[in-house]
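>>> Quick check, what structure comes out for this input:
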Amino acid sequence: MSTTSNAASVFSTSQVSTKSSSSSTSSTAQAAGSTASQQLAGNFNTFLQLLTTQLQNQNPLDPLDTNQFTQQLVEFASVEQQINMNTNLQSLITMQQTSQATSALELVGSTVTVGGNSATLSNATSTAATWSLTTTTPATATVTVTNSSGSTAYSGTISLNAGTRSFTWNGQGNTGQTWPDGNYTLSIKATGANGQAVTVSTQVQGVVNLKSNPPTLKVNGQDVQISQVSSISH
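Just a heads-up that it's a prediction; the model follows:
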């Protein structure tokens, strides 16, 4: 009776590739990983059926070559390992999400300092928008404050010394109008004494809220990672 030739050929390289998630743990990545695991499981079962059928129906006078049979067993074990690896990776992703959610919940309601350029202006509470500017080289900088729609609310020139200083904007535009409450973004271009560009980093303070699915810290309207929090004020 004829036998099925090389059952391992039903697998392609792409079908047995491991689907994993990086730092991103979005629901889309999880769905893709689940689909990949199902495909691998289907391939695993198909392989087992083909291998069993091949052994049952091989010609006693012309048995399967030992080397070919060994190769198929290796393929069989490889697919099983891929399925187990996908399952373990999904478990690690779930554990990481739980850990991130727990860490994020501990910061909710706290005032934190994070790297960013979006600060909140509140005329009702007389709270100016404030940024911390850090540079290692003295420089002259042009600062531009824009609202959420990208319109320029203020532009001016300031001097920076090496180190950190604060820049506060009280909501007054260049033409004297008072801008409404909201989140404003600061952009800065700085040059040194020789005209070379100088890098200036910005930090802001804000109260932490929690954005779900997945849990993400939200400060002054911008999403931030826990690793961006440099200090906490209680």
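>>> domains of this structure?
What automatic domain parsing lists as the domains of the chain is 7-107, 111-233.
>>> Return the member of those domains having the minimum mean pLDDT.
Ranked by mean pLDDT, those bottom out at domain 7-107, with a mean of 62.
>>> how about the helices in the protein?
Taking DSSP state H as the test, the helices found in the chain are 27-56, 66-107.
>>> What is the burial count for residue 204?
Residues near residue 204, counting by other Cβ atoms under 10 Å, number 23. In this view, the C-beta of every residue, glycine as well, is placed from N, C-alpha and C.
>>> now residue 120
Residue neighbour count, defined by other Cβ under 10 Å, stands at 20 for residue 120.
>>> who's in contact with it?
Contact analysis of residue 120 by Cβ atoms under 8 Å, 6 or more residues apart in numbering lists 127, 129, 181-184, 206, 220-221.
>>> Would you mind measuring from residue 166 to residue 137?
Separation of residue 166 from residue 137 (Cβ to Cβ, to the nearest Å) stands at 18 Å.
>>> typo on my end, it should be residue 111
As for residue 111, its distance to residue 137 is 30 Å (criterion: Cβ to Cβ).
>>> ok, now residue 78?
Counting by Cβ to Cβ, the separation of residue 78 from residue 137 is 56 Å.
>>> How about residue 53?
Note on residue 53: its distance to residue 137, by Cβ to Cβ, is 74 Å.
>>> Counting neighbours around each, name which of the two comes out higher.
Of the pair residue 53 and residue 137, residue 137 is the one with more neighbours under other Cβ under 10 Å, namely 16 against 13.
>>> now that one: how far from residue 109?
For residue 137, the distance to residue 109 under the criterion Cβ to Cβ works out to 37 Å.
>>> Residue 86 - how many residues pack around it?
Neighbours of residue 86 using other Cβ under 10 Å come to 21.
>>> please begin residue numbering at 54 from this point
Taking 54 as the first residue, the last one we looked at is residue 139.
>>> how far away is residue 126 from residue 223?
Computed with Cβ to Cβ, the distance linking residue 126 and residue 223 is 75 Å.
>>> I'd like to know the beta-bridge partner residues of residue 209.
When assigned by DSSP bridges, residue 209 has beta-bridge partners residue 196.
>>> Can you verify my assumption that it contacts residue 220?
No. Between residue 209 and residue 220 there is no contact, the gap being 9.4 Å when judged by Cβ atoms under 8 Å.
>>> more neighbours, the two?
More crowded of residue 209 and residue 220, by other Cβ under 10 Å: residue 220, with 20 against 12.
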